[in-house]
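Student: How does the following fold in three dimensions:
(one chain, ligands or ions: 1)
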Amino acid sequence: MAQRVRKAVLPVAEQHGVMLAVHPSDPPVPMLGGIARILRSPDAFRRAMALADSPAWGLILCLGTFSELGGATSVMEMIDTFGPAGNIGYVHFRDVQGTVPRFNECFLGDGNYDPIAVMEKLRAVGYKGFVMEDHVPILAGDSPFQDRSRSHAMGYMQALLRATA
Ligand SMILES: [Mn+2]
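Tutor: Numbering: from 1, shown residues only. Okay, the predicted model is just below:
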């Protein structure tokens, strides 16, 4: 599978200037529902990048997933590893409290990492892509799409962009 993607799909993406970005296994546990999960650590992503060996290979940096794995340390490691070379496709700006196997979804600013430090780090490594909300805490009375909770995340991200400009 990896060989086919590297030989058949990535060259076409390269020709057309498209990045293919992969999301980490969330939550980052070895097995879920009897299915092995392989993209669940910084080392796994380093291996995937080496196998791909292509400028068209990228990752969706889900901050929530890496916060689940190892809190702020894992989040910063991912930015340091994949940011400078331009392999971050886009960022899921989300956080949790705690790490696997026990964690809770939370609002930005209430989780494992300092959102300002993370935004500053993204800027420091030269990241120029977009940041977006991901899944968000459930609020009583919110819409099925969770507009209220998503609005909190978007407002928070806007403030982070202003604060770190
Ligand atoms: Mn995500």
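
Student: which residues of this protein fall in helices?
Tutor: Taking DSSP state H as the criterion, the chain contains helices spanning 2-4, 10-15, 42-52, 63-82, 115-124, 147-164.

Student: mind listing what the residue of the chain found nearest the ion touches?
Tutor: Proximity of the chain to the ion (C-beta to the ion) peaks at C62, 3.2 Å away. Glycine gets a C-beta too; all of them are placed from N, C-alpha and C. Applying C-beta atoms under 8 Å, 6 or more residues apart in numbering, we find C62 in contact with 23-24, 26, 91-92, 94, 134.

Student: 10 Å - rerun?
Tutor: Applying C-beta atoms under 10 Å, 6 or more residues apart in numbering, we find C62 in contact with 23-26, 28, 68, 75, 78, 90-94, 134-135.

Student: Intersect the residues you listed with the contacts of the ion.
Tutor: Restricting these to those touching the ion (C-beta under 5 Å from the ion) yields 92, 134.

Student: Just the buried ones from the contacts of C62?
Tutor: Among these, the ones that count as buried by 16 or more other C-beta atoms under 10 Å are 24-26, 28, 68, 75, 78, 90-94, 134.

Student: Show me the shaky parts of the chain.
Tutor: Scanning the chain for pLDDT under 70 picks out 1-6.

Student: Tell me the residues of it that contact the ion?
Tutor: Near the ion, when you scan the chain using C-beta under 5 Å from the ion, you find 62, 92, 134.

Student: beta partners for the nearest residue to the first one once chain neighbours are set aside?
Tutor: Think C62. In space, C62 comes closest to H92 once its chain neighbours are excluded; the distance is 4.1 Å by C-beta to C-beta, 6 or more residues apart in numbering. With DSSP bridges as the criterion, H92 is bridged to C62, M132.

Student: Fine by me, we can end here.
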